[in-house]
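Peer 1: take a look and give me a structure for this.
(one chain, ligands or ions: 1)
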Amino acid sequence: MSQVPSLLPLEPPDDDFCRRLPKIELHAHLSGSITRPCLQRIWEARKGEDPDFDVPEPRLALADHSVGQGINEFFAHFNTYLYRILSTPSSLSVATHSVLTEFQADGVVYLELRTTPRALPPTAHTQGLTAEGAVRLILSVIKDWNTSSSPMHASLILTIDRIKHSPAQAMEIVDLALRLRDEGLPVVGVDLAGDCNTPRDMAPLRPAYAHAQAANLPITVHFAEVPNSASESELRELLTWNPRRLGHAIHVPEAMRRLIVDRGIAVELCLTCNVLARMLPSQHEEHEPGFVDHHFAWWWAEDCSLSLGTDDMGVFGSPSSQEYRLAAEHFALSRTDLVSLCRRAMRGAFSGLETRDHVEAALEAFESREGLGQPRPHSENPP
Ligand SMILES: [Zn+2]
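Peer 2: Take a look at the predicted model:
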């Protein structure tokens, strides 16, 4: 098709543009990213293998969350239910492959998934897996994906649970991540996540993250998600761990935001998740905070690395392309701005040089196809 000069590059980004855009996704929990159709397929396969499989069918058990319950109740239900469906090696493997397929189909070119190492107990029909075995299984799916010349590169972050894991277990997870990385498997970092409503002193987990830091294994932490996990002492503690990225970063005092920008720490912002789960602070008494109230605007105006994350696409139902479109719609971002947002996201990625080159090539080809040729922003290079 011949190139016809058009004004399209000046039009606001629409759904199609956001799907075509080579996107970066850095905040996606593996289990929460599994879509309901995928869970239904896994359930049907398990029921076929074992008629006594007594987990209720997903299309009934996971009926529309807007009916009769809030998103937070649904989330808790989804998580509990999920682990009963994903309790065999084959279902975990199918689910991982499905999540990769969904992100790639949505136009993501670099994905960092995260998961908490969790053992699969043996069943009447299958052998179990240790937590390490389950992580190795996920990694084998990701490694095969990366070697099949797919347009999307993917890697894995191991999550430490802020409530469920002891300091010794946290250290074991860091050791596991380092061992797997040394074997050449695509483990790129460690995370801190889990129930943020229960306050806990984070200092005992510090040695595990210090170990990661000493071995140059990048750290991301869920940061100031809710007021209960946003005390000044907790936020200061987490910043001493030298995280490269912060997830959510909602209830952060202005002075600390400045410190984060000055230290070159990247933020992972989750628009739909924060709005649907009502995590944003109230600005007006009359109405619930919406997208336009999201703190995205503050970080966007700074010269910092920031990315848009889906958090749990299976729960919130919003793929990466929709997060980019929402940002464009509510913060008046142009098509060029969205490309720039992808580059700013990539500055915070934990990937190696080969993936950075892959993403940059995808963005340059996209700009050329879309007629968005612009001088390179000074901020494209990683710190
Ligand atoms: Zn998260």
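
Peer 1: quick one: pLDDT of His284?
Peer 2: On pLDDT, His284 comes in at 73.

Peer 1: how near is it to Pro89?
Peer 2: 50 Å (CB to CB, to the nearest Å). Just so you know, the C-beta spots here come from the backbone N, C-alpha and C atoms, and that holds for glycine as well.

Peer 1: tell me which of the two has more neighbours.
Peer 2: Pro89 (16 against 8; other CB atoms under 10 Å).

Peer 1: contact partners for Gln40?
Peer 2: Contacts for Gln40 (CB atoms under 8 Å, 6 or more residues apart in numbering) come out as 57-59.

Peer 1: narrow those residues to those in strands?
Peer 2: Using DSSP state E, the subset of those located in strands is empty.

Peer 1: okay, the residues you listed in CSV with distance to Leu158 and pLDDT next?
Peer 2: Converted to CSV, the contacts of Gln40 look like this (distance: CB to CB, whole Å; pLDDT from 0 to 100):
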residue, distance to Leu158, pLDDT
Glu57, 31, 89
Pro58, 27, 87
Arg59, 32, 84
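
Peer 1: show me which of those are buried.
Peer 2: Pro58 (16 or more other CB atoms under 10 Å).

Peer 1: how about stretch 310-326 as CSV, C-alpha atoms only?
Peer 2: What follows is stretch 310-326 as a C-alpha-only set of coordinates in CSV (Å, rounded to 0.1, in the frame of the first residue of the first chain):
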residue,chain,number,x,y,z
THR,A,310,-2.7,-4.3,34.2
ASP,A,311,-1.9,-5.9,37.6
ASP,A,312,-4.6,-8.6,37.3
MET,A,313,-6.1,-8.7,33.8
GLY,A,314,-8.3,-11.7,34.7
VAL,A,315,-9.9,-9.8,37.5
PHE,A,316,-10.1,-6.3,36.3
GLY,A,317,-10.8,-7.2,32.7
SER,A,318,-8.6,-4.5,31.2
PRO,A,319,-5.8,-5.5,28.8
SER,A,320,-2.6,-3.4,28.4
SER,A,321,-4.0,-1.6,25.3
GLN,A,322,-7.0,-0.4,27.3
GLU,A,323,-4.7,1.0,30.0
TYR,A,324,-2.8,3.0,27.4
ARG,A,325,-6.1,4.2,25.8
LEU,A,326,-7.4,5.3,29.2
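
Peer 1: which positions in it come out as buried?
Peer 2: Quick answer for stretch 310-326 (16+ other CB under 10 Å): 310-326.

Peer 1: just stretch 239-250 next, same as before
Peer 2: 239, 241, 243-250.

Peer 1: nearest to Pro122 among these?
Peer 2: Set against Pro122, the nearest of the buried residues of stretch 239-250 by CB to CB is Gly247 (33.7 Å).

Peer 1: of the contacts of Gln40, closest to Ala361?
Peer 2: Closest to Ala361, out of all of these and judged by CB to CB, is Pro58, at 38.7 Å.

Peer 1: show me what contacts the closest one?
Peer 2: 36, 39-40, 43, 81, 85 are the contacts of Pro58 under CB under 8 Å, 6+ apart.

Peer 1: from the contact counts, what lies against the helix or strand of the chain with the lowest mean pLDDT?
Peer 2: Least confident helix or strand of the chain, by mean pLDDT, DSSP states H and E, is helix 71-85 with a mean of 80. Judged by 3 or more CB pairs under 8 Å, 6 or more residues apart in numbering; DSSP states H and E, the packing partners of helix 71-85 are helix 36-49, helix 58-61, helix 313-316.

Peer 1: make JSON lines out of those helices and add distance to Gln104.
Peer 2: Output for the helices and strands packed on helix 71-85, formatted as JSON lines (distance: least, CB to CB, whole Å):
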{"stretch": "helix 36-49", "distance to Gln104": "14"}
{"stretch": "helix 58-61", "distance to Gln104": "23"}
{"stretch": "helix 313-316", "distance to Gln104": "13"}
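
Peer 1: could you pull out the helices in the stretch 251-383 of the chain for me?
Peer 2: 254-262, 271-276, 296-300, 313-316, 320-331, 335-347, 353-370 (DSSP state H, counting those that start in this stretch).

Peer 1: how far off helix 335-347 does the fifth one point, in degrees?
Peer 2: Between the axis of helix 320-331 and that of helix 335-347 there is an angle of 120 degrees, by axes from the mean of the first three to the mean of the last three CA atoms, to 10 degrees.

Peer 1: pLDDT of helix 320-331, averaged?
Peer 2: pLDDT averaged over helix 320-331 gives 98.

Peer 1: show me what that helix is packed against.
Peer 2: Against helix 320-331 (3+ CB pairs under 8 Å, 6+ apart) you get helix 15-20, strand 23-29, helix 271-276, helix 296-300, strand 306-308, helix 335-347.

Peer 1: swap in the third one?
Peer 2: When contacts are defined as 3+ CB pairs under 8 Å, 6+ apart, helix 296-300 packs onto strand 266-269, strand 306-308, helix 320-331.

Peer 1: which stretch among the ones you listed comes nearest Ser148?
Peer 2: helix 320-331 (20.7 Å).

Peer 1: how distant is that closest one from the center of its chain?
Peer 2: 16 Å (CA atoms, centre = their mean, to the nearest Å).

Peer 1: cool, stretch 277-293 as well?
Peer 2: The answer for stretch 277-293 is 23 Å, by CA atoms, centre = their mean.

Peer 1: do stretch 46-61 as well
Peer 2: Using CA atoms, centre = their mean, the offset of stretch 46-61 from its chain centre is 29 Å.

Peer 1: next one: stretch 190-206
Peer 2: Counting by CA atoms, centre = their mean, stretch 190-206 comes out at 18 Å from the chain centroid.

Peer 1: quick one: mean pLDDT for that stretch?
Peer 2: For stretch 190-206, the per-residue pLDDT averages 94.

Peer 1: repeat that for stretch 117-133.
Peer 2: 91.

Peer 1: mind listing what's buried in that stretch?
Peer 2: Of the residues in stretch 117-133, those buried (16+ other CB under 10 Å) are 117-118, 120, 126, 129, 131.
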